[in-house]
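Chemist: Task: produce atomic coordinates for the following.
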Amino acid sequence: MKHMMLGPRARVRGMFVGVELALVLSGCASTAVGQQEAAAVSETAPSVAASSVVAEGAPAPDFVALGHDGSNVALSSLRGRTVILYFYTRDETPLAIREALDFRDAWPDLREQGIVVVGVSTDTAAAHKAFAERLGLPFPLISDVNGSIARAYGVPVDFGLAERRTYVIGPDGSLEKIYQNVDVVTHVVTLLSDVQ
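Modeler: From the prediction side, this is the model:
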């Protein structure tokens, strides 16, 4: 029997399918809940002003999106402060938990420097609320159900999951640093040294 070699993109897609299947089998994704959430997308879909080029030094695409606490989070309202905008795949996954806890534990140092942290995934606001409350997260998680914020920032979304990336947005609203290959184990420590 011939063995078929898969290219890198096919292997990545296969990995995402496996993650999605694991979520479904573990009960983290429910068809009934998914249908209800899909019906609510029009009410919670973020408003995004897309940037033509997403690169360091370019203006960060503005957005207004629903936070896990029910408030609207607008990037433009955070002008004058450094913002760490981090994209992650899905609430309650091991790497998302590790990254969120690391940001939570670094929060006192970040807050002291006037830095704002905002987490983004394609989960709903209700899923974010449960996740943030369970982990005691002091920063907002915003819902990007339709992937429009991810697209504006050039973050790939495959099978409904955004790729893990982080953007440091300066007080003037420009992209100071983009982290495309995020190693969750060292990421927050690296960020802390870079933003100090």
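Chemist: nearest residue to residue 168 other than its sequence neighbours?
Modeler: Spatially, and ignoring its direct neighbours in sequence, residue 168 is nearest to residue 177 (4.1 Å; CB to CB, 6 or more residues apart in numbering). Just so you know, the C-beta spots here come from the backbone N, C-alpha and C atoms, and that holds for glycine as well.
Chemist: Can you check what pLDDT the model gives that neighbour?
Modeler: pLDDT for residue 177: 96.
Chemist: For it, give me its contacts.
Modeler: By CB atoms under 8 Å, 6 or more residues apart in numbering, the residues touching residue 177 are 56, 167, 168, 194.
Chemist: Please give the element, helix or strand, for it.
Modeler: Residue 177 is located in strand 175-179, with elements delineated by DSSP states H and E.
Chemist: and the closest residue to residue 185 other than its chain neighbours, how many neighbours?
Modeler: For residue 185, ignoring the flanking residues on the chain, the nearest one in space by CB to CB, 6+ apart is residue 98 at 7.5 Å. As a burial measure, residue 98 scores 14 neighbours (other CB atoms under 10 Å).
Chemist: Likewise for residue 187?
Modeler: Quick note: residue 187 (other CB under 10 Å) scores 20 neighbours.
Chemist: What of residue 115?
Modeler: Around residue 115 there are 20 other residues, counting by other CB under 10 Å.
Chemist: mind checking pLDDT for it?
Modeler: Residue 115 carries a pLDDT value of 95.
Chemist: Kindly report the same for residue 69.
Modeler: Residue 69 carries a pLDDT value of 87.
Chemist: which ones are touching it?
Modeler: 129, 132, 140.
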